[in-house]
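Q: pasting the sequence and the predicted model now:
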Protein chains: 2
Amino acid sequence: MYKATVNVTLRKSILDPKGKAAHHALKDLGLTEVENVRIGKLIELNIDADNKDTAYDIAEDACTKLLANEVMEDFEITIQKN
Amino acid sequence: MYKATVNVTLRKSILDPKGKAAHHALKDLGLTEVENVRIGKLIELNIDADNKDTAYDIAEDACTKLLANEVMEDFEITIQKN
């Protein structure tokens, strides 16, 4: 069993309205030192695979088919043995 | 300038409907090797601080005040120099 951790982030050129809203709210709370906020997704998958490479391929498949929108988002996969 | 990466995850005991939906969808797509899916948030903050400790404190403040709901969520902060 492997654990895949997937970081899905909006591409730099894409406006991030959630992040902008959080940034404004933090400013209003007095946290003026925060200069930029970007919000992405952190997805954890438990994968039943024979080896690390197979687990990676399955996680990549899951990302391209469902979890990430590659037009707007980048993703990064880390695999750990469970 | 420091970059704080915050991983916000739902506590283990809390049901994750987004993750469940993704898990079902992956099964329907034929990715039956995926046994569990949990979806959290990945937040990147650029923080203007004099040192790493101050940057950490500001990020922690942002999490407890706004970014994470500590009743249901855990958070983990990593600080890097930019």
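A: All right, it came through fine.
Q: list the buried residues for the strand or helix carrying residue A:74?
A: Using DSSP states H and E, residue A:74 falls within strand A:73-81. Across strand A:73-81, burial judged by 16 or more other CB atoms under 10 Å in any protein chain shown covers A:73, A:75, A:77, A:79. Yep, even glycine has a C-beta here, placed from its N, CA and C like the rest.
Q: ok, now how distant is the closest residue in space to the second one that isn't next to it in sequence from residue B:1?
A: Excluding its sequence neighbours, the residue lying closest to residue A:75 (CB to CB, 6 or more residues apart in numbering or on different chains) is residue A:68, at 4.4 Å. In this structure, residue A:68 lies at 28 Å from residue B:1, with CB to CB, to the nearest Å as the measure.
Q: the two: who's more crowded?
A: A direct count of neighbours by other CB atoms under 10 Å in any protein chain shown for residue A:68 and residue B:1 places residue A:68 higher, at 22 against 12.
Q: all helices of chain A, in order?
A: Taking DSSP state H as the criterion, chain A contains helices spanning A:17-28, A:52-62.
Q: pick the most deeply packed of the ones you listed.
A: By mean neighbour count, with neighbours taken as mean count of other CB atoms under 10 Å in any protein chain shown, helix A:52-62 ranks first of the helices of chain A at a mean of 19.
Q: if we can go back for a sec, who does the strand holding residue A:74 pair up with?
A: Strand partners for strand A:73-81, identified by DSSP bridges, are recorded as strand A:2-10 (antiparallel).
Q: returning to what we had before: pipe the helices of chain A into TSV and attach mean pLDDT and distance to residue B:15 per row.
A: Compiled in TSV, the helices of chain A are given as follows (pLDDT from 0 to 100; distance: least, CB to CB, whole Å):
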stretch	mean pLDDT	distance to residue B:15
helix A:17-28	97	23
helix A:52-62	97	21
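Q: in a markdown table: those helices, plus distance to residue B:56.
A: Written out in a markdown table, the entries for these read as follows (distance: least, CB to CB, whole Å):
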| stretch | distance to residue B:56 |
| --- | --- |
| helix A:17-28 | 15 |
| helix A:52-62 | 30 |
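Q: dump those into a markdown table; add distance to chain B as well.
A: Formatted as a markdown table, the entries for the helices of chain A read as follows, by distance: least, CB to the nearest CB, whole Å:
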| stretch | distance to chain B |
| --- | --- |
| helix A:17-28 | 6 |
| helix A:52-62 | 5 |
